[in-house]
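Participant: Below is the sequence, then the predicted model.
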Amino acid sequence: GGTKFTTNFTNEKTATAGRITTIKREGLVDLGLSDGTLWADKNVGATTYDGDGTKLSWDDAVSAVSTPLSLPETGVGKPCKLLVSECTWQWVTSYNDGSRAGLIIFKNGGSDISKDPHIFLPAAGWQNGDGINTSCVYWTGTPHPTYTNNACRMNLGETGRDVELNDPKSRTYNVRLVRCK
């Protein structure tokens, strides 16, 4: 039993009760990052570019991923840091004439969603039992170096772009996958 959902990648299996077993492999965007990393065009579990998708604990997110896709890593020269340093960012309150707030991340220098390569990170927030926040919060693939029950997350908003914050692995956040070169 449980709620079934799908992702928008190839070779996918369905998931039950918020747990994904395999994630599909298509829908990647080249943002021109210096390391060649490609970013998925939708959140895991989302059927549209501006959809929230499925929020997962860190352990569920890590166990759901199969090569060649992965959770983006933090650290110097890694996909999360490069996304912040090498791309153009724009906070919007209405994406593509819709009602979704979030971040549009363009290939550096881009600004036109009709022609420039970009991804949209919906302000889907996070869930921890205390409520929902409207910032863009995503798990990374980086466990905390000291606290084994914690992992690093990205917290991206209109002004702040932190990619190495840590939280308990039991919290549920959105997941955006990458394919590293």
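Facilitator: Thanks, I have it.

Participant: how near is Glu158 to Leu103?
Facilitator: In this view, Glu158 and Leu103 are 8 Å apart by CB to CB, to the nearest Å. The C-beta positions use only the backbone N, C-alpha and C, and glycine is treated the same way.

Participant: More neighbours: which of these two?
Facilitator: Set side by side, Glu158 and Leu103 show more neighbours around Leu103, with 22 against 16, by other CB atoms under 10 Å.

Participant: That one in helix, strand or coil?
Facilitator: Secondary structure for Leu103, judged by DSSP: H, G, I helix; E, B strand; the rest coil, is strand.

Participant: Asp60 too?
Facilitator: Secondary structure assignment for Asp60 (three-state DSSP): helix.

Participant: Next one, pLDDT for it please.
Facilitator: Confidence at Asp60, expressed as pLDDT, is 93.

Participant: got it, and the one 5 residues further on?
Facilitator: What the model reports as pLDDT for Val65 is 82.

Participant: What is the burial count for it?
Facilitator: If you count neighbours by other CB under 10 Å, Val65 ends up with 18.

Participant: just to revisit the earlier point, any shared contact partners between Glu158 and Leu103?
Facilitator: Trp91 (CB atoms under 8 Å, 6 or more residues apart in numbering).

Participant: And the helices in the chain?
Facilitator: With helices called from DSSP state H, the chain shows them at 58-64, 79-86.

Participant: quick one: which of the ones you listed is nearest Phe120?
Facilitator: Counting by CB to CB, Phe120 lies closest to helix 79-86 out of these; the figure is 13.1 Å.
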